[in-house]
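>>> Got a sequence here, can you model it:
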Amino acid sequence: MPLVAEGLGGLIDATLPDLGLGASWQDIYRMRPRVPLVCQACRGSLHAKVSPRGLRFFAHDAARRDCPLAGESIEHRLLKSAIAAAVRMAGWHAALEVTAPDRRWRADVLATSPDGARRVAWEAQLARQHDDDTMARTAGYAADGVEVVWVFERPATREVPAITVDVSDDGITVAEPLARLITSRCESGSKCVRYRDLPHPPQCVGHGRWGPATLVLDQFVALVCRDEIRWSVLPPPEAIRPGYFEPVEEIAWTSPVYVRRAEAIREVQRVTDASVADERHQRRRRHEAELRRRQQEADRHEANRAALRERQHRLTSIVVQQVTAGTGQAPWTLPSDFEHATGVSVIVNGGPVAVICPIASRIDGEIADRLLGVTVYVASERERRAIAGECHPGQRIVVISQDHQATPPRPADGIP
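From the prediction side, this is the model:
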């Protein structure tokens, strides 16, 4: 059932107070003789009617199954009327049931900006329609440079710009898909939640998430006309974790300001994440370098211990032979004698008479005092100088070379 008809020398719009022609509804409603009215969609004859709810419309004089407007419900007509009224409140021109010259599309409401630069087709689709049909009709509008907004009563495809409305006695509310950006910052002085693992986290650059929004139909239509709300892919305003952004496929109506703000948050976080990643990389390199240094130090320490054990083992049999020959008694040995700087103590009659290869760095004052009463045996001149530097003057030190030749005892007189 149409809301517009041809008559009175022009196009009559039942949703306008003056019918768009400077006339009144009484000029055509129940007039005798009847005013000739014609359906612009099927060219059938029409007459003016008023619904029980007070909605003015036109009805065919005879059933026309071939008319594309046949079978429209009262709810459909009410929704078209409400959309047209909202478009006009926004300062745009609204024309109902407009058909393209080549008839590739017919808009329930065609909204045109005051300067004619933009045209937006509003399609009230309360009955079920196949998604392929919806996308095909949307493509037809796009081919003629016409934007389109589909108005559904139940959730439908996200492949086209669409809204779902909730119609009640209180009005028409846009239920979905509307999105608003909710931003926040970490509390002053607290660590940014994205970088809690860092000892010195960077200043919080902000966090964002998308949340639902609601608008009444008049508000939504006005925002579309002012280009303050658009059908947009929602960019992720915040990385799932630093350095990684999960692609967002959600599409909704939102403000371009929100989109730019979300992109700005993401870009700042990207730069911050790059800096943080570099800091983490440097920390990891320093940590790995420290681990290598410690391992090298441990390896050197173990190598020195192995070399010490080898020298002590090599010299022990020689020293034992010399002590046996000199005392006439078979001594016993005490390896790793901590009282003698981890050297091998050679003991006769319960007391040490020699110490083999003590560790110079472990000789303190007390150990130096104890060493004065024994002969220290070492494997090289270099080892002798190191030990002599820690002992008291007069300390007897014998160097046993690789060929098992012993040098005469030399006191630690301070001369290396």
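>>> Give me the distance between the helix or strand containing Arg300 and the centre of its chain.
Assigned by DSSP states H and E, Arg300 belongs to helix 256-327. The chain centroid and the centroid of helix 256-327 are separated by 34 Å under CA atoms, centre = their mean, to the nearest Å.
>>> need the next SSE after that helix, C-terminal direction.
On the C-terminal side of helix 256-327, the closest following helix or strand by DSSP H and E is strand 332-337.
>>> Each with direction, which strands does that following strand pair with?
strand 343-348 (antiparallel) (DSSP bridges).
>>> what's the partner strand in contact with?
312, 315-316, 319-320, 323, 327, 329, 331-337, 339, 352-359, 374, 376 (CB atoms under 8 Å, 6 or more residues apart in numbering). Glycine gets a C-beta too; all of them are placed from N, C-alpha and C.
>>> do stretch 174-181 as well
Under CB under 8 Å, 6+ apart, the answer for stretch 174-181 is 155, 158, 162-166, 208-217, 220, 234, 237, 250-255, 258, 261-262.
>>> cool, stretch 80-94 as well?
Residues outside stretch 80-94 that contact it (CB under 8 Å, 6+ apart): 3, 15, 55, 96-97, 108-114, 122, 124, 151, 172, 217-218, 220-222, 225-226.
>>> Can you name every helix or strand that the helix holding Arg300 contacts?
strand 179-184, strand 207-212, strand 230-233, strand 332-337, strand 343-348, strand 351-356, strand 375-378 (3 or more CB pairs under 8 Å, 6 or more residues apart in numbering; DSSP states H and E).
>>> what angle sits between the fifth one and helix 256-327?
What that stands for is strand 343-348. In terms of direction (axes from the mean of the first three to the mean of the last three CA atoms, to 10 degrees), strand 343-348 departs from helix 256-327 by 20 degrees.
>>> One more: the fourth one?
Angle, strand 332-337 to helix 256-327, by the same axes, to 10 degrees: 160 degrees.
>>> Which positions in strand 332-337 come out as buried?
333, 337 (16 or more other CB atoms under 10 Å).
>>> Distance from that strand to the middle of the chain?
For strand 332-337 - counting by CA atoms, centre = their mean - the centre lies 65 Å from the chain centre.
>>> before we move on, what about the first one?
Centroid separation between strand 179-184 and its chain, computed with CA atoms, centre = their mean, is 15 Å.
>>> List the buried residues in that strand.
179, 181.
>>> Name every strand pairing with that strand and say which way it goes.
strand 207-212 (antiparallel).
>>> Just the CA atoms of the partner strand, as PDB, please.
Extracted C-alpha coordinates of strand 207-212, given in PDB (Å, rounded to 0.1, in the frame of the first residue of the first chain):
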ATOM      1  CA  HIS A 207      43.500   1.400  26.700                       C
ATOM      2  CA  GLY A 208      40.400   1.000  24.600                       C
ATOM      3  CA  ARG A 209      37.600  -1.400  23.900                       C
ATOM      4  CA  TRP A 210      34.500  -1.400  21.800                       C
ATOM      5  CA  GLY A 211      31.100  -1.500  23.600                       C
ATOM      6  CA  PRO A 212      27.500  -1.400  22.400                       C
END
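>>> and that strand, average pLDDT?
For strand 207-212, the mean per-residue pLDDT is 85.
>>> Quick one: list the elements packing against the next helix or strand after it.
The first helix or strand that comes after strand 207-212 along the chain, using DSSP H and E, is strand 215-216. Using 3+ CB pairs under 8 Å, 6+ apart as the contact test, the elements touching strand 215-216 are strand 171-176.
>>> For the residue lying farthest from the centre of the chain, list the residues it contacts.
Relative to the centre of the chain, and counting by CA atoms, centre = their mean, the farthest-placed residue is Gly328 at 84.5 Å. Gly328 makes no contacts at all, as judged by CB under 8 Å, 6+ apart.
>>> can you pull the buried residues of the helix or strand harbouring Leu78?
Here Leu78, judged by DSSP H and E, is contained in helix 74-89. For helix 74-89, a neighbour-count test (16+ other CB under 10 Å) marks 76-88 as buried.
>>> Pick the one among the residues you listed closest to Glu381.
Nearest to Glu381 out of the buried residues of helix 74-89 is Ala86 (CB to CB; 103.6 Å).
>>> rewinding a little: give me the angle between the next helix or strand along the chain from the helix holding Leu78 and helix 74-89.
As assigned by DSSP H and E, the chain's next helix or strand after helix 74-89 is strand 93-99. Here the directions of strand 93-99 and helix 74-89 differ by 140 degrees (the same axes, to 10 degrees).
>>> Can I get the next helix or strand after strand 93-99 in CSV, CA atoms only?
Next helix or strand after strand 93-99 toward the C-terminus (DSSP H and E): strand 106-112. Extracted C-alpha coordinates of strand 106-112, given in CSV (Å, rounded to 0.1, in the frame of the first residue of the first chain):
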residue,chain,number,x,y,z
ARG,A,106,13.2,1.3,-5.7
ALA,A,107,13.9,3.1,-2.4
ASP,A,108,11.4,3.1,0.4
VAL,A,109,12.8,6.5,1.3
LEU,A,110,15.4,8.4,-0.7
ALA,A,111,17.1,11.1,1.3
THR,A,112,19.0,13.8,-0.5
